[in-house]
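K.L.:
have a look; sequence and predicted model below, questions after that.
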Amino acid sequence: MARGTGDDTARSWVSRAIDLLLADRAAEPPTPLRAFPLAGPPGTALYLKDESRRPSGSLKHGPARDLFLDALRRGEIAPGTPLFEATSGNTAVAQAYFARLLGLPYTAVVPGRTGPAKRRRIEEQGGRCHAFDPPLAIYDKARSLAQESGGHFFDHLRRAGDAVDWNGPYGLGTAILRDLETSGEPAPAWIVVGVGSGVTSAAVGRYLRMRGAGTRLAVVDPENSAYFPGWAADFPGYTTGMPSRIEGIGRPRMEPAFDASVVDLVIPVPDVASVAAMRHLHAITGLMAGPSSGSCLWGAFHVLDRMRREGARGSVVMVVGDGGENYRDTYYDDSWTEAKGWRPHGPLSDLARFTATGTWDVAPAG
């Protein structure tokens, strides 16, 4: 083989891979923005930005693609590079989707207790799962597997914040404001999102600040998570040492991607309220979403009540992070939730009353 031929072939592959990802992004249809049927407060409206309609089923789809693009441009992924990540959630599903698109082997290092349903979602996208314990050691294990195989460890908790294209035409903040503008409506008064890695809130918040839209950003945070107490105390090193029980959001520490400077409000949400709200969302709209979306609905109701008390008008947009089909045997199952000590009857009554009358007498947790 002539000198340089192999390098040229690799560069050509990388260029084609980037073009393929960009073409895939351009061809993806926008996710829907749908109204939530709300009786009050007067002069307000609630919209659901349904990111569960992304090709891999969650709002992690876009950030996963951006991580691939960033690694390709940095020369960290080449033809045949084995890919690794440490997570069992939606990020792994989305990364497996793009690895298959590029024809690359993908392994998610998951905690040993990860159930078969979660592993199956990754495997259905062409990935494989490598179980490892203790759970907090999966990050070092994924890194070591990548080093041993000459592969690439995405390390999304550390790197996604810098990789996400938050101010481009395909960002979530861009899409929400564009959806409302297309409908002939002004920018929303608030956007409500969950926080796990911190990437989504940082991306949306930075776009809103750059755009100068006047829209405020609220973040919802479940029990055991560090974001609310860390944000309230202005202490980014805050840790709880306990895992979140709400799939998709909450962390025992404030992750590097979280940007507190672009967050206007963090709303602590009791876990039982998240469960009740996801079920209420399904009952009212027919949309079956995950528990993080329940957290967002609960937070959205708090924000709407705050607007009522302040005499403010406008719309609120909450983000639906993923679909609910994967939670039929857990968060939607009464026996499973009762075993967790969650009895959602009280919060369900609060949610129903607010939807019907605009009356919200629930004090924020924390």
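P.N.:
Cool, the structure landed.
K.L.:
for the stretch 101-250 of the chain, just list every one of the strands.
P.N.:
With strands called from DSSP state E, counting those that start in this stretch, the stretch 101-250 of the chain shows them at 106-111, 128-132, 152-153, 190-194, 216-221.
K.L.:
please identify the pairing partners of the first one and their relative orientation?
P.N.:
Strands flanking strand 106-111 in the sheet, each with its direction: strand 83-86 (parallel), strand 128-132 (parallel) (DSSP bridges).
K.L.:
which one of the ones you listed lies closest to L102?
P.N.:
Proximity of the strands paired with strand 106-111 to L102 was assessed by CB to CB; the nearest stretch is strand 83-86, lying at 9.0 Å. Quick note: C-beta positions are derived from backbone N, CA and C, even for glycine.
K.L.:
can you tell me what sits against the closest one?
P.N.:
Identification of contacts with strand 83-86 by CB atoms under 8 Å, 6 or more residues apart in numbering yields 77, 91-92, 95, 99, 104-109, 138-139, 141-143, 145-146, 151-156.
K.L.:
let's go with 6 Å and repeat that
P.N.:
Contact with strand 83-86 is made by 92, 95, 99, 104, 106-109, 138-139, 142, 145-146, 151-154, as judged by CB atoms under 6 Å, 6 or more residues apart in numbering.
K.L.:
try stretch 303-311
P.N.:
Here stretch 303-311 makes contact (CB under 6 Å, 6+ apart) with 41, 44, 190, 218, 316, 360.
K.L.:
how about the contacts made by the fourth one?
P.N.:
A218 is in contact with 190, 192, 265, 267, 299, 303, counting by CB under 6 Å, 6+ apart.
K.L.:
and the two most separated of these?
P.N.:
Pairwise distances across the contacts of A218 peak at 10.7 Å for W190 and I267 (criterion: CB to CB).
K.L.:
out of the strands paired with strand 106-111, which gets nearest to P229?
P.N.:
Ranking the strands paired with strand 106-111 by proximity to P229 (CB to CB) places strand 83-86 first, at 24.8 Å.
K.L.:
the stretch 101-250 of the chain: helices as residue ranges?
P.N.:
All helices of the stretch 101-250 of the chain, identified by DSSP state H, counting those that start in this stretch, fall at 116-124, 138-149, 156-163, 172-182, 199-211, 227-232.
K.L.:
export those helices as CSV, with columns for mean neighbour count.
P.N.:
Formatted as CSV, the helices of the stretch 101-250 of the chain follow (neighbours: other CB atoms under 10 Å):
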stretch, mean neighbour count
helix 116-124, 16
helix 138-149, 17
helix 156-163, 20
helix 172-182, 19
helix 199-211, 23
helix 227-232, 21
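K.L.:
domain assignment for this protein?
P.N.:
Per the record, the chain has its domains at 28-55+167-357, 60-162, by automatic domain parsing.
K.L.:
what number of residues lie near the spatially closest residue to T330 that is not a sequence neighbour?
P.N.:
With CB to CB, 6 or more residues apart in numbering as the criterion, T330 has its nearest non-adjacent residue at 5.1 Å, and that residue is W336. Burial of W336 is recorded as 15 neighbouring residues (other CB atoms under 10 Å).
K.L.:
roughly how far apart are W336 and G214?
P.N.:
According to CB to CB, to the nearest Å, W336 stands 42 Å off from G214.
K.L.:
flag the shaky bits of the stretch 1-150 of the chain, pLDDT-wise.
P.N.:
For the stretch 1-150 of the chain, the stretches with pLDDT under 70 are 1-5.
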